[in-house]
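>>> here is a sequence with its predicted model. Questions after.
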Amino acid sequence: MMNKSLLSILFLSLLQINTGFAQKAAVLGTSDLKSYVDEFNVVDKEEAVVNLVPNAQSFDWLSKNIPLFDCPDSAIEKVYYFRWWSYRKHIKQTPEGHVVTEFITPANHAGKYNAISSGLSHQINEGRWLHNQQYIKDYINFWFFIDPKHKASRFHAFSSWIHYTLYDYYKLTKDKQFIANLMPALHADYLRWEQEKQAPNKMFWQFDVRDAMEESISGSRKEKNIRPTINSYMYGNAKAMVELADLFDIDSLEKTYKKKEKFLRKAVHEELWDDTASFFKVQYEKGGLCDAREAIGFIPWYFNLPYDKPKYAKQWDQILDTNGFNAPWGLTTAERRHPLFRTHGSGHGCEWDGAVWPYATSQTLKGMANLLTNYKHQGKMTKQVFYNELHKYAMSHRMNDKIYIGEYQDEKTGEWLKGDNPRSKFYNHSTFADIIINDLIGLKLRTDNTLEIDPIVPENQWDYFCLDKVPYQGRIVTILWDKDGSKYGKGKGFKAYVDGKEVVKSDKIKRLTAKI
């Protein structure tokens with residue numbers, strides 16, 4: 001039997017080998033990250049709220065936890081790091097595990113530990129790329145196992161696509177046991193939504209405020225309107241439950257959810273599509289569709305729900321129309337031509353009648369990414385349109401010439417409509433890093449042992465980019481493009497590495513796959 005001294009020597013040797021390999025495998029260093037963090041810390045020098053990781057420790061924590069990113073677009077690169085830096089501020093240690101907050105300051109409508117479920121899936125999708133997944137696991141467990149014990153449970157205070165999110169989470173982490181522990185709760189949660197919000201026609205209704213989209217043109221706090229939001233979410237949730245039931249060989253559950261999935265997909269097309277307006281719309285409880293096109297009509301593509309036909313793809317043409325959703329500071333939440341556009345007020349509540357909301361922008365960009373990667377018919381949408389809107393989204397992260405993320409903005413001036421309200425500072429209600437990783441660079445999530453990269457970077461847009469140190473199914477992935485081979489010292493072309501080993505390459509930016 002080996003003595004303890006020899007075991008210690010062997011352990012230290014292996015640690016040095018692994019550390020050396022990691023350093024050798026990494027393409028990007030942390031000097032850029034350090035510069036950004038120093039700048040962000042100066043902007044937040046008062047640091048009014050401190051949760052798990054204070055500003056002074058943020059560089060060390062970020063360097064250990066986030067994928068690194070390098071590209072020629074300084075706005076996109078800077079905001080990528082800013083969003084990680086601000087996300088870190090919302091991770092909170094509690095006696096019952098970690099939670100991720102939405103508001104940096106206490107909110108009246110929050111539950112225990114200031115937790116709010118409205119941005120839950122956005123928060124998980126962003127945080128799933130962290131190297132230490134205990135934060136996200138704790139947060140998921142909080143909503144399924146801790147929140148129900150509280151006197152006032154808040155999980156169903158807002159619509160949710162949590163089942164869909166957790167299936168994607170499984171594809172990224174391959175943590176089968178973690179998902180297995182959640183299966184009974186996931187099934188019970190879906191049934192609870194049916195009990196609470198299912199209309200007589202078996203579709204789902206919701207108040208706009210409970211969609212986290214209050215004061216909308218189509219919305220109501222009293223009428224049980226059938227909305228593209230919750231019906232798309234429940235379709236995505238049913239679709240995920242089919243896959244999860246198959247993963248765990250639960251035939252009866254798989255059969256049950258296949259029926260729900262099939263029904264909702266058909267119903268959304270039949271009940272919420274306005275053929276004259278070429279748009280998915282809200283159906284009123286009293287009957288008839290709302291006469292306004294709203295950004296929630298793009299949400300079905302978030303879940304690949306619409307049929308792949310030109311008539312549905314035509315809806316996306318409204319993204320380019322300045323009378324539609326195209327505004328100087330971003331994508332509006334309602335069409336600009338509508339007579340009720342921006343008529344509900346300005347910053348007094350939470351108006352979704354046209355102002356630019358990062359929450360909705362995240363959903364729309366994800367839907368557009370799906371259209372461009374999963375659909376044959378794409379209307380007028382192109383990789384360039386996606387990039388332009390992403391760049392505009394990045395540029396909107398400003399207030400008084402300093403980097404900022406808040407609740408919502410004036411579409412013409414970029415003014416944050418809550419001003420510098422402490423509750424809105426570092427608002428954690430949308431995604432950005434996930435859009436870069438999963439959509440722009442295109443690291444797709446799969447259940448098999450295949451690495452798939454399907455970028456939306458337009459041809460000739462960038463001469464180089466690198467996404468480094470990305471955790472994926474227990475491995476570390478690097479994706480890079482070096483047009484002439486002079487940037488990263490790895491030769492020219494589009495390449496992917498797994499644990500430092502090149503697994504696939506091409507002379508141009510295109511979809512790549514490799515067995516890993």
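On my side now, so go ahead.

>>> which parts of the chain are helices?
Secondary structure of the chain (DSSP state H): helices at 4-25, 31-43, 58-65, 74-88, 120-127, 134-141, 162-173, 176-197, 228-247, 251-272, 310-313, 358-374, 383-395, 433-434.

>>> any chance of those helices in TSV, with mean neighbour count, distance to Asp463 and mean pLDDT too?
Bear in mind the C-beta positions are built from the backbone N, C-alpha and C, glycine included. As requested, the helices of the chain are exported to TSV (neighbours: other CB atoms under 10 Å; distance: least, CB to CB, whole Å; pLDDT from 0 to 100):
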stretch	mean neighbour count	distance to Asp463	mean pLDDT
helix 4-25	10	23	42
helix 31-43	15	17	97
helix 58-65	18	26	98
helix 74-88	22	14	98
helix 120-127	24	28	98
helix 134-141	19	35	98
helix 162-173	22	29	98
helix 176-197	15	41	98
helix 228-247	24	37	98
helix 251-272	16	42	98
helix 310-313	16	31	98
helix 358-374	23	22	98
helix 383-395	19	15	98
helix 433-434	22	23	98
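
>>> these into TSV, with extra columns for distance to Glu214?
Formatted as TSV, the entries for the helices of the chain read as follows, by distance: least, CB to CB, whole Å:
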stretch	distance to Glu214
helix 4-25	47
helix 31-43	30
helix 58-65	33
helix 74-88	24
helix 120-127	17
helix 134-141	25
helix 162-173	21
helix 176-197	16
helix 228-247	12
helix 251-272	20
helix 310-313	28
helix 358-374	12
helix 383-395	22
helix 433-434	25
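
>>> partners of the spatially closest residue to Ile509 that is not a sequence neighbour in the sheet?
Across the structure, with CB to CB, 6 or more residues apart in numbering as the measure, the residue nearest Ile509 apart from its sequence neighbours is Phe494 (5.0 Å). Beta-bridge pairing for Phe494 (DSSP bridges): Trp481, Ser506.

>>> and Phe494, how far is that from Trp481?
Distance of Phe494 to Trp481, computed by CB to CB, to the nearest Å: 5 Å.

>>> can you check which residues contact both of the two?
Residues touching both Phe494 and Trp481 (CB atoms under 8 Å, 6 or more residues apart in numbering): Ile509.

>>> re earlier: among the helices of the chain, which is nearest Arg293?
Put simply, out of the helices of the chain the one that sits nearest Arg293 is helix 228-247, at 10.9 Å, with distance taken as CB to CB.

>>> now the closest one - C-alpha only, CSV.
As requested, the backbone C-alpha atoms of helix 228-247 are provided in CSV (Å, rounded to 0.1, in the frame of the first residue of the first chain):
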residue,chain,number,x,y,z
PRO,A,228,-48.8,33.7,-27.4
THR,A,229,-46.5,33.9,-24.3
ILE,A,230,-47.9,31.3,-21.9
ASN,A,231,-49.1,29.1,-24.8
SER,A,232,-45.7,29.0,-26.3
TYR,A,233,-44.1,28.4,-22.9
MET,A,234,-46.4,25.5,-22.2
TYR,A,235,-45.8,24.1,-25.6
GLY,A,236,-42.1,24.2,-24.9
ASN,A,237,-42.6,22.7,-21.5
ALA,A,238,-44.7,19.9,-23.0
LYS,A,239,-42.1,19.3,-25.7
ALA,A,240,-39.3,19.1,-23.0
MET,A,241,-41.4,16.7,-20.9
VAL,A,242,-41.6,14.4,-23.9
GLU,A,243,-37.9,14.3,-24.2
LEU,A,244,-37.3,13.9,-20.4
ALA,A,245,-39.9,11.1,-20.2
ASP,A,246,-38.0,9.4,-23.0
LEU,A,247,-34.7,9.9,-21.2
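
>>> so how far is that helix off the chain centroid?
A distance of 17 Å separates the C-alpha centroid of helix 228-247 from that of its chain, computed with CA atoms, centre = their mean, to the nearest Å.

>>> could you tell me how far Leu130 is located from Phe298?
Between Leu130 and Phe298 the distance, using CB to CB, works out to 28 Å.

>>> more neighbours: which of the two?
Between Leu130 and Phe298, counting by other CB atoms under 10 Å, Phe298 is the more crowded of the two (28 against 22).

>>> now for that one: which residues touch it?
Phe280, Gln315, Trp316, Gln363, Thr364, Gly367, Met368.

>>> now it: how far from Glu243?
As judged by CB to CB, Phe298 and Glu243 stand 23 Å apart.

>>> still on that earlier bit, what about the residue nearest to Ile509, how many neighbours?
Each residue near Phe494 was counted by other CB under 10 Å, and the total is 21.

>>> got a list of contacts for stretch 347-354?
Surrounding stretch 347-354, the residues in contact under the criterion CB under 8 Å, 6+ apart are 208, 213-217, 219, 294, 332-334, 336, 338, 340-345, 360, 407-408, 411, 417-419.

>>> please list all residues in contact with the closest residue to Gln133 other than its chain neighbours.
Once its chain neighbours are removed from consideration, Gln133 has its nearest residue in Thr173; the separation is 6.4 Å (CB to CB, 6+ apart). Residues counted as contacts of Thr173 (CB under 8 Å, 6+ apart) are Arg128, Gln133, Gln473.

>>> redo these as TSV? Include neighbour count and pLDDT.
What follows is these, written out as TSV (neighbours: other CB atoms under 10 Å; pLDDT from 0 to 100):
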residue	neighbour count	pLDDT
Arg128	22	98
Gln133	19	96
Gln473	19	96
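
>>> ok, so of those residues, who is nearest Arg446?
Closest to Arg446, out of all of those and judged by CB to CB, is Gln473, at 8.7 Å.

>>> distance check, the closest one against Ala369.
In this view, Gln473 and Ala369 are 21 Å apart by CB to CB.
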